[in-house]
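Enquirer: Build the 3D model from these lines:
(2 chains, ligands or ions: 1)
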Amino acid sequence: MAVKKKVESLSEVTVRFAGDSGDGMQLTGSQFSDTTALVGNDLSTLPDYPAEIRAPAGTIYGVSGFQLHFGSSDVHTPGDRPDVLVAMNPAAIKKNLSELKNGGIIIANTDSFDAKNLKLAKYETNPLEDGTLDGYSVFQVPVTTLTAKALENSALSQKEINRCKNFFALGMMYWLYDRPLDQTLVWISKKFQSKPEFIEANETALKAGYNFGEMTEAFTTRYRIEPARLPKGTYKSISGNEATALGMLTASVKSKLPAFLGSYPITPASEILQYFSNYKNFGVKTFQAEDEIAGITSAIGAAYAGYLGFTTTSGPGLALKTEAMGLAVMTELPLVVINVQRGGPSTGLPTKTEQADLLQAIYGRNGEAPIPVIAAATPSDCFNMAIEASRIAVKYMTPVILLTDGYLANGSEPWKIPHNDEIPAIEAKFVTETEGFQPYSRDENLARPWVKPGTPGLEHRIGGLEKANIKGTVSYDPDNHDLMIKLRAEKVRKVVNDIPKLEVDGDSTGKLLVAGWGGTYGAIKEAIIKVRRKGYNVSQVHFRYLNPFPGNTGEVVSSFKKVLVPEINLGQLATVLRSQFLIPVEQLNVVRGLPLRTADIADKIIELLGGENE
Amino acid sequence: MSNNGDVKLTAKDFSSDQDVRWCPGCGDYSILAQVQRSFPDMVGIKKENIVWISGIGCSSRFPYYMNTYGFHGIHGRAPAIATGVKVARPELSVWVATGDGDLLSIGGNHFIHACRKNVDLKVLLFNNKIYGLTKGQYSPTSEQGKVTKTTPFGSVDYPFNPVSLALGSESTFVARTIDSNPKHMQVVLKRAAEHKGLAFIEIFQNCVIYNDGAFDAISDKATRDDNVLILEHGQPMIFGKNHDKGIRLEGYSPVVVDISNGKYSANDLLVHNEFETSPVLSMMLAHMTDSPGFPTPMGVFRQILKPTYDEGIEVQINNVKAKKGEGNLEKVLFGGNTWEVQ
Ligand code: SF4
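Expert: Numbering: from 1, shown residues only, chains lettered A, B, ... in the order given. Take a look at the predicted model:
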């Protein structure tokens, strides 16, 4: 008989699934997230996986993790430290224990705690038995054995049965946090459409895990997290990369410009190319180029031919595209360059997040080559900013760099889906009139005319050599060069008239302003909420437009005694703010390849306020 | 027929208002002239649909001198820029002007992949076997031992054979011509224009400043007939001032034979077949180029037809549209697992 279980209500929980790269932890985590979104919790996720595709089983560096923070009120980050660790092997404990909250829950697959795996995890004795885990609530579940037992009548091989164990673990977690199985059941039947024996086995494992939760005496408590009070509307869970691709598509539809994406696979940006390739029925053209340089130069060619040109990449790829970005500046063609920042320099930490490409984006080209730079603040904001980048590119005839990062790219959150008719159109116009045509004449925004090759009578030449003002012929004239350098800079500066002002969250003047940019929005926001609860008065701004800055930036940052800039780099925004506004800036820089920890930001805020709360 | 409906265009219509700035006597002038002369006869190509794209180098100034659409790109990247243009707008006639440094050194990767994909581009390689614009360093087509400013003791590396590289990269049209033979160049240009797919033409081009005379043996009236094999489809491979020499196949190797002494006749010779699907014949001809004792082949080495990359992309889009229906943004936005919040 099932034991009577206690039900406890929680407002939020952070769970981390961890196991071997081959244990299916990313899948388990994303299934748990999708179901959690469907039951109406707000959430934020952080997949954290090794760069190796299948690192040797059982090793510490081969541990793949998926963290998910969900709750019944606004959730802004994937959580600093998990409350619950699902550990499929000893290495998962070794790697994650130090991050687990004191007194947190560990659910361990005891079957994998054999001599070999303990040794691979560098444990001399079994942590489940030697007191290592004292102070935590440990649930020892022989997941592998129980899965095998549930599938004893299955036609699958032992190895295949073994691989169903993540669904058992998922089922168990569904029971523990009171989530329905439906969404995952539908997913399984779709995923394994052509292999009915796998559908049956995975479904059985999932249900067995759930029933185990119900029946076992080990679990005495079940947790309930009420749905979050989100604004009314239709939602879906979306990752940054998916939102970016969708934003690019939307920009194409809204501008009535066919889209071209030239891109070379690179972690963590490849998914954008993958998602985008599915939109062929919109007339989207994708070109998996021979290298990063061909990715951007083909996109420049397409833009020249009248397409909305995109190229997507990550840090090292952005470096390779540098020269071509200069060409786009010189030829004044609209182009959207999307950089999913990752740990650098060089190959760095390909699967980890970082914000260290800001200076590269703003300044990193030969010559005076100004480019508007914008950044997404949350996974779903990638959608808005991909549209924004396209709008600015087309309106000002300029390349635009959109910065996202590994955390935004892979992390997901619930997104209130906008309707097509709520999204403003992007105006794109091509010149066809031959009368008075000059390739480098300018409109009120200083944009030059966009002409499609194939237009009779407007044959003209453009290129990377300096162009004569208005006429657009090659010019070596010193004064002309000076003028063109200034015109190109002025054009980019003019974008300021076209972007929203900074909004201060909190008082518009005071002791401390925390200014962030890009993917750290959630962590900073949560830290602010935390310290305000303790009575501290602090204001927040978040930059999504970095070049040019919003028009009121100088005024805002000068209205506070101190400005704190937390960044996952050594102070790049801080440097730019100081140089542009001549203000002192405090920094918080933690470059671990992971999102900033809310607690670190909160501590820094309190330190800067000298412990003074009101 | 003409480029622009009723009015027959002339070479002049294709020349822009920019002063041509190549060194006097440079082989590039001949290439520009032959292009401008042959374009009016290119049936079915409207002037406004012609786009010239280039990289960096003396050759790459070419687009500025053509009164068509033109894009002077960055070093080595012309084939990639051109691919973007052609994929976006397959109705355009896209031409690439490039040099041996631009295409085969810094741009080698883009070149082989444009060939492999059979993007419908016309690639004109101005091969002068030297870096001109940077003032005389050896190039990837310079012969071994070349003494230049960067190789005062002679270059150590082996050169590329551009025709062999293009064939090896599966270019569907591969030809060679020379600046000193205007008629031949015009014929080859027209053939390339008519070809659907990537057409590669190696044009031997004399750089009077830094590598003058590089092609003397095959351009001087006195010697050229003995050193050049003009390839003609369906014709036996005969060359020589007195049409007295021919190419025969012995085993796997070509040999030069005398057909004047009665031992061999034209019937014993290899017959050129441009449309041979196997690459063996064209590859063999390509490698004759640098083999001592053999003539340098000129003309079309090989032409095969297969669907182009740009048309493949269009076909795929139409297929997906037919299958999934024309894209509907609202549907995509609201696709997947959604839920309502009341
Ligand atoms: S340097 Fe040589 S290739 Fe360049 S323009 Fe002068 S002659 Fe021609």
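
Enquirer: Quick one: neighbours of residue A:519, just the number.
Expert: 30 (other CB atoms under 10 Å in any protein chain shown). (Glycine included, C-beta is placed from N, CA and C.)

Enquirer: Report the separation between it and residue A:34.
Expert: Counting by CB to CB, to the nearest Å, the gap from residue A:519 to residue A:34 is 22 Å.

Enquirer: any idea of the mean pLDDT for stretch A:427-441?
Expert: The pLDDT scores in stretch A:427-441 average 97.

Enquirer: Need the CA coordinates for it. PDB is fine.
Expert: Output of stretch A:427-441 as PDB, limited to C-alpha atoms (Å, rounded to 0.1, in the frame of the first residue of the first chain):
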ATOM      1  CA  GLU A 427      10.400  49.800 -43.600                       C
ATOM      2  CA  ALA A 428      12.900  48.800 -46.300                       C
ATOM      3  CA  LYS A 429      13.100  50.800 -49.500                       C
ATOM      4  CA  PHE A 430      15.000  50.200 -52.700                       C
ATOM      5  CA  VAL A 431      15.900  53.000 -55.100                       C
ATOM      6  CA  THR A 432      14.800  52.500 -58.700                       C
ATOM      7  CA  GLU A 433      14.700  56.100 -59.900                       C
ATOM      8  CA  THR A 434      17.600  56.900 -62.200                       C
ATOM      9  CA  GLU A 435      17.100  60.700 -62.100                       C
ATOM     10  CA  GLY A 436      19.800  62.200 -59.900                       C
ATOM     11  CA  PHE A 437      20.900  58.900 -58.500                       C
ATOM     12  CA  GLN A 438      24.200  59.000 -56.600                       C
ATOM     13  CA  PRO A 439      25.400  55.800 -54.800                       C
ATOM     14  CA  TYR A 440      26.700  57.800 -51.800                       C
ATOM     15  CA  SER A 441      24.000  60.400 -51.400                       C
END
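
Enquirer: So for it, what gets flagged as buried?
Expert: Neighbour counts over stretch A:427-441 (16 or more other CB atoms under 10 Å in any protein chain shown) mark A:428, A:431, A:437, A:439-440 as buried.

Enquirer: Leaving out the residues flanking it, which one is nearest to residue A:441?
Expert: Using CB to CB, 6 or more residues apart in numbering or on different chains and skipping the chain neighbours, the partner closest in space to residue A:441 is residue A:470 (5.2 Å).

Enquirer: Which helix or strand contains residue B:133?
Expert: Under the criterion DSSP states H and E, no helix or strand holds residue B:133.

Enquirer: need the contact list for residue A:332.
Expert: Going by CB atoms under 8 Å, 6 or more residues apart in numbering or on different chains, residue A:332 touches A:397-398, A:440, A:447-448, A:488.

Enquirer: roughly how far apart are it and the ligand?
Expert: Distance, residue A:332 to the ligand, by CB to the nearest ligand atom, to the nearest Å: 28 Å.

Enquirer: OK, now which residue of the stretch 301-450 of chain A is nearest to chain B?
Expert: Using CB to the nearest CB, the single residue of the stretch 301-450 of chain A nearest to chain B is residue A:301, 2.6 Å away.

Enquirer: Help me confirm that that residue comes into contact with residue B:79.
Expert: No. Residue A:301 is beyond contact range of residue B:79, at 9.8 Å (criterion: CB atoms under 8 Å).

Enquirer: Kindly report the residues of the stretch 1-150 of chain B close to chain A.
Expert: The stretch 1-150 of chain B has residues B:4, B:16, B:18, B:46-49, B:51, B:53-54, B:56, B:63-64, B:66-74, B:77, B:80-89, B:91-92, B:109-110, B:112-113 near chain A, with proximity defined as CB under 8 Å from any CB of the partner chain.

Enquirer: For ChimeraX, write the selection for the buried entries among those residues.
Expert: The ChimeraX selection below is limited to those of those classed as buried (16+ other CB under 10 Å):
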select /B:16,18,46,47,48,49,51,53,54,56,63,64,66,67,68,69,70,71,72,73,74,77,80,81,82,83,84,85,86,87,88,89,92,109,110,112,113
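
Enquirer: Among the residues of the stretch 1-150 of chain B next to chain A, which lie within helices?
Expert: Taking DSSP state H, the ones among the residues of the stretch 1-150 of chain B next to chain A that sit in helices are B:63-64, B:80-88, B:109-110, B:112-113.

Enquirer: of those, closest to the ligand?
Expert: For those, the minimum distance to the ligand (CB to the nearest ligand atom) is 13.1 Å, reached by residue B:64.

Enquirer: residues in contact with the closest one?
Expert: For residue B:64, the contacting residues are A:461, A:463, A:474, B:16, B:18, B:70, B:72, by CB under 8 Å, 6+ apart.

Enquirer: hmm, 10 Å instead?
Expert: Contacts for residue B:64 were tallied using CB atoms under 10 Å, 6 or more residues apart in numbering or on different chains; they are A:461-463, A:465, A:473-474, B:16-21, B:52, B:54, B:70, B:72.

Enquirer: quick one on the thing from earlier: could you verify that the residue of the stretch 301-450 of chain A closest to chain B is part of a strand?
Expert: No. According to DSSP: H, G, I helix; E, B strand; the rest coil, residue A:301 belongs to no strand; its state is helix.

Enquirer: ok so, going back, out of the contacts of residue B:64, the closest to the ligand would be?
Expert: The ligand has its nearest neighbour among the contacts of residue B:64 in residue B:21, at 7.8 Å by CB to the nearest ligand atom.
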